[in-house]
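Trainee: only the shape, not the letters, is given here:
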């Protein structure tokens with residue numbers, strides 16, 4: 001199917017064409033959120049918090065006959081809090097680190113389910129892939145689809161993060177997968193609770209400064225994000241404010257119910273955060289997103305093959321995805 005058949009408005013079709021040009025040129029970065037972790041079969045926030053709640057209650061029952069005063073009952077109102085970070089903080093406090101880390105390991109040690117969108121994402125020529133997820137689904141999909149491993153970088157490792165950032169201004173074409181909020185197999189690096197987020201984004205400005213540089217200097221494509229994360233949105237707003245109004249630098253695939261108005265939200269995302277939204281119908285488990293990604297892969301891989309054929313006909317070296325020109329001009 002063509003983008004014109006998959007997208008409802010001219011705004012969305014135009015944004016998709018600009019996105020395709022940026023990705024095909026090999027100059028964009030992907031930022032992957034919880035929606036793609038869910039596609040691999042892992043729990044999202046509310047389900048993970050429910051598992052933590054169940055473990056707290058089970059532990060309380062197991063020690064109740066002993067009269068253990070160290071186990072505090074869960075407030076009935078805790079599940080009603082909109083502040084999910086604080087809910088996670090309260091639950092972790094009651095679990096203590098040994099049970100908390102054991103739960104995280106048990107949840108994410110399960111092998112990921114196969115998913116077409118994840119497989120197609122790792123085929124796209126992104127300079128690097130950044131994820132807020134903890135699981136290894138992107139790593140394993142990359143190895144399966146590309147027949148080689150991708151270098152994994154934990155954001156908690158400052159030296160590796162700096163190497164990744166320097167690679168963007170050097171002739172280092174090696175893609176990396178960056179775990180922004182830690183990895184499940186390195187539980188103590190995971191960013192999940194209120195204190196974790198405070199440590200990552202508030203107590204030190206190191207993460208904010210690095211992400212500001214990435215968002216200001218490079219084009220980011222968001223996958224699987226609800227675009228409600230206050231910390232990331234605050235950085236994007238700072239970047240948009242510093243660069244001033246103009247054509248948005250970044251792109252995001254945003255699910256929407258068919259028939260819902262989207263123009264106010266499109267304007268908000270563009271002006272406030274510098275994001276060009278591509279709204280698609282969320283029906284049938286985001287089937288439209290799968291089709292759009294298939295078109296994107298075909299554009300990138302087809303463009304690279306065509307460029308290679310033209311150069312080989314002239315006796316030159318075959319082109320790589322990094323050398324494919326942008327199909328349409330993209331203004332900064």
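Mentor: Good, I have the coordinates. This one's a predicted model, so the numbers in the text were calculated from it and none came from an experiment.
Trainee: tell me the contacts of residue 103?
Mentor: For residue 103, the contact set (C-beta atoms under 8 Å, 6 or more residues apart in numbering) comprises 51, 52, 55, 95. Heads up, the C-betas are built off the backbone N, CA and C, glycines and all.
Trainee: distance of it relative to residue 109?
Mentor: 11 Å (C-beta to C-beta, to the nearest Å).
Trainee: and stretch 151-170, how far apart are its ends?
Mentor: 17 Å (C-alpha to C-alpha, to the nearest Å).
Trainee: in it, what's buried?
Mentor: 152, 153, 154, 155, 156, 157, 160, 161, 164, 165, 167 (16 or more other C-beta atoms under 10 Å).
Trainee: one more: stretch 232-245?
Mentor: So for stretch 232-245, counting by 16+ other C-beta under 10 Å, buried means 232, 233, 235, 236, 238, 239, 240.
Trainee: helix, strand or coil for residue 255?
Mentor: strand (DSSP: H, G, I helix; E, B strand; the rest coil).
Trainee: please report the distance of it from residue 286.
Mentor: 6 Å.
Trainee: tell me where the stretch 1-150 of the chain has strands.
Mentor: 28-32, 129-131 (DSSP state E, counting those that start in this stretch).
Trainee: just to revisit the earlier point, ok, residue 255 and residue 286, which is more surrounded?
Mentor: residue 286 (19 against 15; other C-beta atoms under 10 Å).
Trainee: mind listing what that one touches?
Mentor: Per C-beta under 8 Å, 6+ apart, neighbours of residue 286: 117, 255, 280.
Trainee: mind redoing it with 7 Å?
Mentor: For residue 286, the contact set (C-beta atoms under 7 Å, 6 or more residues apart in numbering) comprises residue 255.
Trainee: which SSE is it in?
Mentor: Counting by DSSP states H and E, the element that carries residue 286 is helix 283-313.
Trainee: do the same with residue 277
Mentor: Mapping residue 277 onto the secondary structure by DSSP H and E places it in strand 275-281.
Trainee: ok, residues contacting that strand?
Mentor: Looking at what lies outside strand 275-281 - C-beta under 7 Å, 6+ apart - the contacts are 6-7, 12, 15-16, 18-19, 248, 250-256, 258, 262, 265-266, 269-270, 288-289, 292.
Trainee: can you give me how far it is from the chain middle?
Mentor: 15 Å (C-alpha atoms, centre = their mean, to the nearest Å).
Trainee: so which bits of it are buried?
Mentor: In strand 275-281, counting by 16+ other C-beta under 10 Å, buried: 275, 276, 277, 278, 279, 280, 281.
Trainee: ditto for stretch 251-259
Mentor: 251, 252, 253, 254, 256.
Trainee: got it, and stretch 87-97?
Mentor: Those would be 87, 88, 89, 90, 91, 92, 94, 95, for stretch 87-97 by 16+ other C-beta under 10 Å.
Trainee: ok, the buried residues of stretch 232-245 vs residue 211, which is closest?
Mentor: Nearest to residue 211 out of the buried residues of stretch 232-245 is residue 235 (C-beta to C-beta; 5.0 Å).
Trainee: now do the contacts for that closest one.
Mentor: By C-beta under 7 Å, 6+ apart, the contact list for residue 235 reads 208, 211, 212, 215.
Trainee: make CSV from those residues and add pLDDT and neighbour count to it.
Mentor: Listed next are the contacts of residue 235 as CSV, based on pLDDT from 0 to 100; neighbours: other C-beta atoms under 10 Å:
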residue, pLDDT, neighbour count
208, 95, 16
211, 97, 23
212, 96, 16
215, 96, 24
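Trainee: in terms of distance to residue 74, which of those residues ranks first?
Mentor: Distances from residue 74 to those, taken by C-beta to C-beta, are shortest for residue 208, at 33.3 Å.
Trainee: got a list of what that closest one touches?
Mentor: 201, 235.
Trainee: now name the helix or strand holding it.
Mentor: Using DSSP H and E, residue 208 falls in helix 206-217.
Trainee: same check on residue 272?
Mentor: helix 263-273.
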